[in-house]
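generate coordinates for the sequence data below:
(one chain, ligands or ions: 1)
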Amino acid sequence: MPNETEYSPVPPWQRSDYCGTLRAADAGREVALWGWVASRRDHGGLVFIDLRDREGLVQLVFNPERDPVSHKVAEAVRAEYYLAAKGRAARRSDATINPELPTGEIEVMVSEAVILNPSQPVPFPLAGNAPVAEELRLKYRYLDLRRAEMQQNLRRRHQALRGTRAFLDANGFVEIETPILFRATPEGARDYLVPSRVNPGRFYALPQSPQLLKQILMTGGFDRYYQIARCFRDEDLRANRQPEFSQIDIEMTGPRPDDVMSIAEGMMASIYEYALGMKIEPPFLRISYEEAMERFGSDKPDLRFGLEMKNLTAAFAQTAFKVFADAIARGEAIYAIALPGAYQLSRRELDEMAETLRSTHALGLAWVKLIDGGWQGPIAKFVSDEERSRVNATAEASLGDTLLFIAGPRAKVRSVMGDLRLQLGVRFDLREANTLRFLWVNDFPLFEYSEEEQRLIAVHHPFTAPHPEDLPLLASDPLKVRALAYDMVLNGQEMGGGSIRIHSAEMQLRMFELLGIPREEAVSKFGFLLDALKYGAPPHGGIAFGVDRLAMMVCGTDSLRDVMAFPKTQKAVDPMSGAPSEIDERQLRELSIKVIS
Ligand code: ASP
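Residues are numbered from 1 along each chain as shown. Alright, predicted model coming up:
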């Protein structure tokens, strides 16, 4: 640091160009640059510095004969010093062109250079792909963010959001902010609470999503709303979960599910266009939840490969194989996957799979191989010729294939086999590369039964409208009622989900009743929504997308933390700032709070 009177808060000259944008055509121009020293090579005479800014890096040449003063500066600088440099851009000689660098045809002959800020030695290299402990990256996030990969990721994310706003704006959606200090909303997770100083003993809850507020905005007459909304859920963090995250939150008046889906498709196309210049082609495939579970054993099927499951319960109806016959007698089901002959599982792998299924799901795995003249494998001898051909035909299996069977309670078998399908996809590298397999899964069930809570719970959320065709089942067989709900899925990941909402207060109360929420509780928690619905609330529906997940897809990374500027660790800690931190006594007292542990 120069002495106090020399301290200058602004650079000595304005920047003419970003380092990373210089090209051969700039040769001959005088340029003025700012940037970080990415590397420095001292050839005992000439000093070369790669100067980096957000657009990339360019080579600076310091020649002691041309300018001894700046050469002295170049000798003094170290990695990550922040430098201002002026000089003439010049074409590099053919022998020194660097085809790896966008600026590789050019260099800058420095005539003046000033150190604007030195840097301590950095705790990890900012170039290259050497693995760096994530804790360290997060502690020195400002250094990590300088890395080319993080620069690219956050700018792609920005482009994706631009694409979102451009499309929604062009389609009449109004961006409206909703409060962060709100009250508990039931999205199924724990709330983050904020004590209210002026209302001792009372707390705000940070929104898990703006669900109720966006519905109220429809009641408030905005017709089409969106927001890039910050949401907070206090859940135990898994690998790819963050306590706060962003959603593209959308609500519209009067849509059919198809209308919401086509808006969302158009928005997705705009996002890929802006972020990657890529064309994706709606409409996406639409399948029901039931079909997704039946064919893929998942409500977010990965369509980058086949290996569809087949239901063989009927094909085995008369079987002499006792395990299957008993299962069928118990009302259970048998599903199979035909693994093509090109992909061979060793005996040991099959045994291991069977063992895992047994120990984690109490389900058995049976298998046969289709050979000339029949089946080979433990169950082959129990099966008649006729039954075998029926099974082969239903399973669409041909010579050389391995048939993998699981029998047991239908719902369980479907989801376990769905997981097995995914494992096989990974094991044999079946997932088509560089492809985007979008689809919609719709007609989810409205309810599921929670063994833990001994009551019905909402599969999407309690504000989701039942499918009108299934209304008669609400009283008699609620688990059979479908919801007007839809999820957008991409390559096996849920990108977003939404529903048509209940817009009648009576129906909403009925829903709470089915969910086992007493009327008084419903009124005390959601009275404001119920009241709003009583004042001519229009029919409405919407959807929300996880921005972070979307950015991961667009950036091709597999960590949420690589697409967020300041994420938290799995312990919900920010190693850079030390949040969450302890609070001093005085502040706690003001908030009427006592910490008991
Ligand atoms: N609010 C819902 C969620 O966060 C999405 C929606 O229904 O629009 O999952």
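
any low-confidence regions in the chain?
Applying pLDDT under 70 to the chain flags the ranges 1-2, 185-187.

residues of it that sit close to the ligand?
Taking Cβ under 6 Å from any ligand atom as the contact definition, the chain meets the ligand at Glu187, Ser209, Gln211, Gly497, Gly498, Ser499, Gly542, Ile543, Ala544. For glycine as for every other residue, the C-beta is placed from the backbone atoms N, C-alpha and C.

now, of those, which are buried?
Ser209, Gln211, Gly497, Gly498, Ser499, Gly542, Ile543, Ala544 (16 or more other Cβ atoms under 10 Å).

from those, which land in helices?
Gln211 (DSSP state H).

now for the buried ones among the residues of the chain next to the ligand: which two are most distant?
The largest separation in those, counting by Cβ to Cβ, is between Ser209 and Ser499 at 12.5 Å.

name the residues that touch stretch 10-29?
With contacts defined as Cβ atoms under 8 Å, 6 or more residues apart in numbering, stretch 10-29 is touched by 30-35, 51-58, 84, 86, 88-91, 102-103, 105-106, 108, 114, 116.

quick check, distance from it to the centre of its chain.
Put simply, stretch 10-29 sits 37 Å off its chain's centre (Cα atoms, centre = their mean, to the nearest Å).

cool, stretch 324-341 as well?
Worked out by Cα atoms, centre = their mean, stretch 324-341 lies 34 Å from the chain centre.

got it, and stretch 495-505?
Per Cα atoms, centre = their mean, the centroid offset for stretch 495-505 relative to its chain is 21 Å.

from the contact counts, what lies against the one helix or strand Tyr335 maps to?
Using DSSP states H and E, Tyr335 sits within strand 333-339. Counting contacts by 3 or more Cβ pairs under 8 Å, 6 or more residues apart in numbering; DSSP states H and E, strand 333-339 is packed against strand 309-311, helix 322-329, helix 385-395, strand 402-408, helix 410-427.

need the ones you listed in JSON lines with distance to Ala95 and mean neighbour count, can you?
Formatted as JSON lines, the helices and strands packed on strand 333-339 follow (distance: least, Cβ to Cβ, whole Å; neighbours: other Cβ atoms under 10 Å):
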{"stretch": "strand 309-311", "distance to Ala95": "61", "mean neighbour count": "21"}
{"stretch": "helix 322-329", "distance to Ala95": "74", "mean neighbour count": "16"}
{"stretch": "helix 385-395", "distance to Ala95": "64", "mean neighbour count": "16"}
{"stretch": "strand 402-408", "distance to Ala95": "58", "mean neighbour count": "24"}
{"stretch": "helix 410-427", "distance to Ala95": "47", "mean neighbour count": "18"}
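
looking at the ones you listed, which is nearest to Arg147?
Nearest to Arg147 among the helices and strands packed on strand 333-339 is helix 410-427 (28.8 Å), distances taken as Cβ to Cβ.

strand partners (parallel or antiparallel) of whichever helix or strand comes after that closest one?
Proceeding C-terminally, helix 410-427 gives way to strand 438-442 as the next helix or strand, assigned by DSSP H and E. Strand 438-442 pairs in its sheet with strand 285-288 (parallel), strand 485-490 (antiparallel), by DSSP bridges.

switch those over to a markdown table; also include mean neighbour count and distance to Pro580.
Output for those, formatted as a markdown table (neighbours: other Cβ atoms under 10 Å; distance: least, Cβ to Cβ, whole Å):
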| stretch | mean neighbour count | distance to Pro580 |
| --- | --- | --- |
| strand 285-288 | 15 | 43 |
| strand 485-490 | 24 | 33 |
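
in CSV: the ones you listed, plus distance to Asp401.
As requested, the strands paired with strand 438-442 are exported to CSV (distance: least, Cβ to Cβ, whole Å):
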stretch, distance to Asp401
strand 285-288, 25
strand 485-490, 27
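
between the ones you listed, which gets nearest to Val174?
Nearest of those (Cβ to Cβ): strand 485-490, 22.3 Å.

alpha carbons of the closest one, as PDB, please.
Extracted C-alpha coordinates of strand 485-490, given in PDB (Å, rounded to 0.1, in the frame of the first residue of the first chain):
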ATOM      1  CA  ALA A 485     -51.000 -31.400 -11.500                       C
ATOM      2  CA  TYR A 486     -48.000 -31.600 -13.800                       C
ATOM      3  CA  ASP A 487     -44.200 -31.900 -13.600                       C
ATOM      4  CA  MET A 488     -41.700 -31.000 -16.200                       C
ATOM      5  CA  VAL A 489     -38.900 -33.500 -16.300                       C
ATOM      6  CA  LEU A 490     -35.600 -33.300 -18.100                       C
END
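
in the chain, which helix is the longest?
Longest helix in the chain, counting by DSSP H: helix 148-170.

what does that helix rub up against?
54, 56, 127, 144-145, 175, 226, 228, 248, 250, 266-267, 269-276, 547, 550-551, 554-555, 557, 562-563, 565.
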